[in-house]
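Peer 1: Sharing a model that was predicted from the sequence below.
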Amino acid sequence: MNFDDTPQEAAFRAEAKAWIAANAPKQYEDELRKASLGRVQLKGANILEVAKAWQKRKADAGWACLHWPKEYGGRGSSPIERVIWQQEEGPFGQLSRMFIIGHGMCGPTMMAFAREEHKRTFLPPLASGEKVWCQLFSEPAGGSDVAGLRTRAEKDGDDWVINGQKIWTSGAHYSDYGILLTRTDPTVPKHKGLTMFFLDMKSPGVEVRPIKQASGASDFNEVYFTNVRIPDHQRLGEVGDGWNVSLTTLMNERSAIGAAVSTGFPELFEYCSSLMLEDGPAIEDRAVRSKLANWAVKASGLKYTSMRAISALSKGERPGPENSIGKLVAGSMIQDVATYALDLQGAAGGLNGPEEAEVAGKFQAMLLRAPGTRVEGGTDEIMRNIIAERVLGLPGDIRVDKDVPFNKIPTKGRS
Amino acid sequence: MNFDFSDEQKQMRDEARKFLSEQCPPKAVRAVLDGKAAYDKSLWKGLAEMGFLGVAIPEKFGGAGAGHLELCVIAEEMGRALAPVPFSSTVYLAAEAILIAGSDAQKQKWLPKIASGEAIGTLALFEGKGNPSPKAIKLTANGGALNGVKKPVPDGAIADFAVVAARTGSGSRESDISLFIVDLKAEGVEVKELTNIDPTRGQAEITFKDAKAEPLGAAGEGWGVITQVLDRAAVLMAFEQVGGADRALEMGRDYALDRIAFGRPIGSFQAVKHMLADMYVSATLARSNSYYGAWALSTNAGELPEAAAAARISATQAFQHCAKNNIQVHGGMGFTWEFDCHMYYRRANAVAVGLGSLSYWEDALIDRMRKKNAA
């Protein structure tokens, strides 16, 4: 048992480290290091532009999308090399956030299902960040039950005509392309009537409207489709096989291994280390220490769970299922941590302005953003189902709509 | 990075599991639970023969000379099987104290006997309620004679010798505490068995009246040794807890698959699925924290104090959580004497306080994290 690199890993790490040291946008390092949930900001710079510039720079030197094949803009690296890169990229990895969906989900789906000429055309600019991609799955009527989506695609000559509405689309407002899951046959059971496409987000009839979130910020969008035409050659997979195609997209969560999840703990520990309460430093208070210790072992537990998965990658093995706990644990933890930080501030915990709030309102921003972390990318409840079914082998939920034609499924709870 | 046990260590774990599934089925645990014996003597002998008792004891002192990582994988299996033997007191506490502070002669005298199963040892630290603290130690040592009362002493009623923490100074500082080895069969030692929530791991009260004692380590350095021993034992016990938590989770999962209610396996209800998923989460966090503890223990890293506290807290929480919810999944049957669920519940809660309770380790963890940050 050790934390040492193999000689090959060490050589790769040294090369990555040297390149990052010579090329990273150092002027933003401090701000990126301080980024916490609900707040990644760069003073006096547009983060989108900085992120794109960094991604392009990496791509030009062969450091973008490391695990992708070279002909599609990647480096052909092993999974462990990608993890080492992430470790070395450190705070600059924050700049990759806007590419996560494209690189982690859209790209792999294109690689698996797009025509060769499309792969060669669209993947390199996706890897280099010149083009940003989004994923159009969720709908108002299909969240956790994504196969319940209703956006229609109807064949018209060599095109498909799209009508409907998507929601919770991250980054749709700055995306150039998207992968789109539609219903092509409402007369068959819901999983069987779906078809996947990719499309140009600038197509006529696509309208992107930002959602004002509960936190006040707008990271997500509603996307409306009115008679949007998509040529058939942009179909991904067979007609009616969209559900299986979407599973490929979602399975690529594996790429999340090694990526740090935000728990809020380092921020809280640092805050409590300097905070003075009425009777002395917060960190010396019995109740505070107990809370901190309980969160500390969750944070370290996640960290070392991730290291176990990385070790499996290093040995060329498939990581076990234990990594599936990360989002579930971190999501509710960061919410609890933020709630407690406000509690420690007493009545002033309600203040939110950067001037008057404690530590510039870091925990207030965290608190207001936190509910989203427990919903996006699979709610806590869906994550528990996944663990129960795929890891523990418990039965799937009873699905009363499984064999019913989609257009016969009830759409209202109370009539 | 290779943050995992080696293939040889995993093989040893498999051997231990196989051995324990044959030699320590639930009915063997029950025999001790029901008071038919103070501990499972034939299992103890078998463990010695397998080389498990001395796995981390150097060869020159009669052990296998493997190491602490090997001891961790065995500990996990001992916890999984709820082995009703004085393994933790003898191996994690007494042997480790002697390894850390013993003279060559003391190591020669005791370690081979531990490895061969001839001697059961323990650590006599506590004096009534409360957590480890130099202030709590009232038992005195004067001219090699001990006077005072220790309780609870794990496996004290069956132990042959004890490492005893005694006051040798006049204050309540750490430097007023020294350690001694006492032959518990000698004159001046009176042992009384105590009833406790987990009868498969006995506890005793030991009264010392001018009992003859031999110093272990230098005078006034006892507390430092105790701290080190507790850190090592915390990691090793964490593996027992992880093993117990995993088994409790499996029992709950298996029952949820078998038991039909309302026309369905109860494991198809989300309330039950989610409870089991949460058990998996806590068991996984505990395992990962314990692995880090194992790494720190095996390399004697400066991170050991922090890693040990984290492993201890995480594994304690996980075992308690899995053991109590295993009963919940079983419903009424889980609350019968006949089902094994309560044996895990008893063990989980007994070991949760045995090396100092959660509040002690929470405090220790934060102290140690602060120290690291300040450095």
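Peer 2: That came in fine, so what should we check first?
Peer 1: can you give me the strands for the chain?
Peer 2: With no chain named, the answer covers chain A. Counting by DSSP state E, chain A forms strands over residues A:133-136, A:152-156, A:159-170, A:177-183, A:194-200, A:206-210, A:220-231, A:235-236, A:276-277, A:280-281, given from the N-terminal end onward.
Peer 1: please go with chain B instead
Peer 2: With strands called from DSSP E, chain B shows them at B:121-124, B:140-142, B:145-154, B:161-167, B:177-183, B:189-194, B:203-212, B:214-216, B:260-261, B:264-265.
Peer 1: Show me what the first one packs onto, helices and strands only.
Peer 2: Think strand B:121-124. strand B:145-154, strand B:161-167 (3 or more Cβ pairs under 8 Å, 6 or more residues apart in numbering or on different chains; DSSP states H and E). For the C-beta atoms, the positions are set from N, CA and C on the backbone; glycine is no exception.
Peer 1: 10 Å instead, please
Peer 2: Of the remaining helices and strands, those touching strand B:121-124 by 3 or more Cβ pairs under 10 Å, 6 or more residues apart in numbering or on different chains; DSSP states H and E are helix B:96-101, helix B:104-116, strand B:145-154, strand B:161-167, strand B:177-183, strand B:203-212, helix B:222-258.
Peer 1: which residues sit in contact with residue A:44?
Peer 2: Neighbour list for residue A:44: residue A:27 [criterion: Cβ atoms under 10 Å, 6 or more residues apart in numbering or on different chains].
Peer 1: I'd like the distance between it and chain B.
Peer 2: Here residue A:44 is placed at a distance of 31 Å from chain B (Cβ to the nearest Cβ, to the nearest Å).
Peer 1: quick one: whichever residue of the stretch 151-300 of chain A sits closest to chain B from residue A:273, how far?
Peer 2: Nearest residue of the stretch 151-300 of chain A to chain B (Cβ to the nearest Cβ) works out as residue A:293 at 3.6 Å. Residue A:293 sits at a distance of 14 Å from residue A:273 (criterion: Cβ to Cβ, to the nearest Å).
Peer 1: Please identify which of these two sits among more neighbours.
Peer 2: Ranked by neighbour count (other Cβ atoms under 10 Å in any protein chain shown), residue A:293 and residue A:273 place residue A:293 first, with 22 against 16.
Peer 1: which stretch among the strands of chain A comes nearest residue B:234?
Peer 2: strand A:280-281 (26.3 Å; Cβ to Cβ).
Peer 1: Pairing partners for that closest one, with directions?
Peer 2: For strand A:280-281, sheet partners with direction are given as strand A:276-277 (antiparallel), following DSSP bridges.
Peer 1: Can you name the residues that contact the nearest residue to residue A:304 once chain neighbours are set aside?
Peer 2: For residue A:304, ignoring the flanking residues on the chain, the nearest one in space by Cβ to Cβ, 6 or more residues apart in numbering or on different chains is residue B:288 at 3.7 Å. With contact taken as Cβ under 10 Å, 6+ apart, residue B:288 is in contact with A:297, A:300-309, A:322, A:325, B:3, B:242, B:310-311, B:314.
Peer 1: mind listing which of those residues are in helices?
Peer 2: In this view, those that belong to helices under DSSP state H are A:297, A:300-309, B:242, B:310-311, B:314.
Peer 1: Find me the pLDDT at residue 85, would you?
Peer 2: With no chain named, the answer covers chain A. With respect to pLDDT, residue A:85 scores 94.
Peer 1: Let me rephrase: I mean chain B.
Peer 2: For residue B:85, the model assigns a pLDDT of 98.
Peer 1: Kindly report the same for the one 5 residues further on.
Peer 2: Taken from the predicted model, the pLDDT recorded for residue B:90 is 98.
Peer 1: Wait, it touches residue B:156, no?
Peer 2: No: Residue B:90 is beyond contact range of residue B:156, at 11.7 Å (criterion: Cβ atoms under 10 Å).
Peer 1: what's the average pLDDT for stretch A:94-102?
Peer 2: Within the predicted structure, the mean pLDDT of stretch A:94-102 is 90.
Peer 1: and that stretch, which residues are buried?
Peer 2: Buried residues in stretch A:94-102, counting neighbours by 16 or more other Cβ atoms under 10 Å in any protein chain shown, are found at A:94-96, A:98-99, A:101-102.
Peer 1: Which of those sits closest to residue A:405?
Peer 2: residue A:101 (31.7 Å).
Peer 1: Any idea which of the strands of chain A gets closest to residue A:358?
Peer 2: Comparison of the strands of chain A against residue A:358 by Cβ to Cβ identifies strand A:276-277 as nearest, at 11.5 Å.
Peer 1: ok, residues contacting stretch B:34-43?
Peer 2: Taking Cβ under 10 Å, 6+ apart as the criterion, the residues outside stretch B:34-43 that touch it are B:19-20, B:23-24, B:28-32, B:46-47, B:81, B:83-87, B:117, B:120, B:155, B:157-158, B:193, B:199-202, B:337.
Peer 1: one step back: let me have the strands of chain A in JSON lines, adding mean pLDDT and mean neighbour count as columns.
Peer 2: As requested, the strands of chain A are arranged in JSON lines below (pLDDT from 0 to 100; neighbours: other Cβ atoms under 10 Å in any protein chain shown):
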{"stretch": "strand A:133-136", "mean pLDDT": "96", "mean neighbour count": "27"}
{"stretch": "strand A:152-156", "mean pLDDT": "98", "mean neighbour count": "16"}
{"stretch": "strand A:159-170", "mean pLDDT": "96", "mean neighbour count": "21"}
{"stretch": "strand A:177-183", "mean pLDDT": "98", "mean neighbour count": "26"}
{"stretch": "strand A:194-200", "mean pLDDT": "98", "mean neighbour count": "23"}
{"stretch": "strand A:206-210", "mean pLDDT": "97", "mean neighbour count": "16"}
{"stretch": "strand A:220-231", "mean pLDDT": "97", "mean neighbour count": "19"}
{"stretch": "strand A:235-236", "mean pLDDT": "98", "mean neighbour count": "24"}
{"stretch": "strand A:276-277", "mean pLDDT": "94", "mean neighbour count": "12"}
{"stretch": "strand A:280-281", "mean pLDDT": "94", "mean neighbour count": "12"}
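Peer 1: still on that earlier bit, just the buried subset of the contacts of stretch B:34-43, please.
Peer 2: B:19-20, B:23-24, B:28-30, B:32, B:46-47, B:81, B:83-87, B:117, B:120, B:155, B:157-158, B:199-202.
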